[in-house]
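Undergrad: coords please:
(one chain, ligands or ions: 1)
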Amino acid sequence: MTDTQKAIALLRQRGLNELAPLGVVLGSGLGSLADEVEDAVSIAYEDLPGFPVPTVSGHAGRLVVGRLEGRRVVLFQGRGHYYERGDCRAMAVAIETFKAFGGRTLFLTNAAGGLNTDWRPPALVAIADHINFAGANPLIGVNSDDRFVPMTHAYDSHLRTLLRHAALDQGIELHEGVYMWFSGPSFETPAEIRAAKILGADLVGMSTVPEVILARLNGLRCVAVSLVTNFGAGLAGGDPTHAETKEVAAEGSANFKRLLRAFIRAYDPAHA
Ligand code: HPA
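TA: Numbering: from 1, shown residues only. Just a heads-up that it's a prediction; the model follows:
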């Protein structure tokens, strides 16, 4: 049995016949949404074969299945990052399990550095596209033609429109931009931030991109939002620290949750 098959067997043992059409990966500042889930079934990643046990403060490791806004959802409370173990496939089994057990759409959230000084932290930005700048790809070693995953429409435009409407409905300002993946865990240098700007990035961060690539391999639709916790290093006084990202992420979390809940109400699995 593969880890994914074992994980599904365990989920069945815990009384689940499926996960949910919509899955949300909770990044920094959003983790507490997991405590708001109704009729929640919660499973520690440790108990799920192949799921990543997080090592980062501010990231729990739990799968929470239940209801938000009356809709069935599954929350990934915490993620595995490339920088934790040098494994950019950290979320591979989690994402494959989601797809194989009822998942259709993956909503990814993260904290990021902002390169547009008009977007004041804690701004919210829908990711329209990405630049993989980490020199890694989670599909290296997938030895079938499946690995040649098209990335032209990686961030689903229909779901992004839905998200924009949800933001409008809530009176929440939502920007749109390109996310550049750095491996981390060190923050960027000012020269790297200048280079990122020149290359067309609006955001920099250490997650999400490998998950989107894995999600696309599995045929899931993706929608992603960054919470800007700081300006990129050297930009308008930007000098990010982990403590600052956690603090500002917490400040932005109420708006972020409101946006997410409005999206969940509007999301229709039949059209996604
Ligand atoms: N760089 C990379 N990742 C981040 C940042 C940043 O400035 N802020 C929050 N996550």
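Undergrad: quick one: the helices in the stretch 1-150 of the chain, in order.
TA: Along the stretch 1-150 of the chain, the segments classed as helices by DSSP state H, counting those that start in this stretch run 3-13, 82-85, 92-100.
Undergrad: contacts for the first one?
TA: Applying C-beta atoms under 8 Å, 6 or more residues apart in numbering, the external contacts of helix 3-13 come out as 1, 19, 43, 47-51, 93, 96-97, 100-101. C-beta here means a position set from N, CA and C on the backbone, and glycine is covered the same way.
Undergrad: export the helices of the stretch 1-150 of the chain as TSV, with columns for mean pLDDT, mean neighbour count and distance to Leu220.
TA: Output for those, formatted as TSV (pLDDT from 0 to 100; neighbours: other C-beta atoms under 10 Å; distance: least, C-beta to C-beta, whole Å):
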stretch	mean pLDDT	mean neighbour count	distance to Leu220
helix 3-13	98	17	14
helix 82-85	96	18	20
helix 92-100	98	24	6
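Undergrad: any chance of those helices in a markdown table, plus distance to the ligand?
TA: Output for the helices of the stretch 1-150 of the chain, formatted as a markdown table (distance: least, C-beta to the nearest ligand atom, whole Å):
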| stretch | distance to the ligand |
| --- | --- |
| helix 3-13 | 28 |
| helix 82-85 | 10 |
| helix 92-100 | 21 |
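Undergrad: ok, now how distant is Ser183 from Asn132?
TA: Look at Ser183 and Asn132: by C-beta to C-beta, to the nearest Å, they are 10 Å apart.
Undergrad: stretch 133-146 close to the ligand?
TA: No - Stretch 133-146 stays clear of the ligand (C-beta under 6 Å from any ligand atom), getting no nearer than 11.0 Å.
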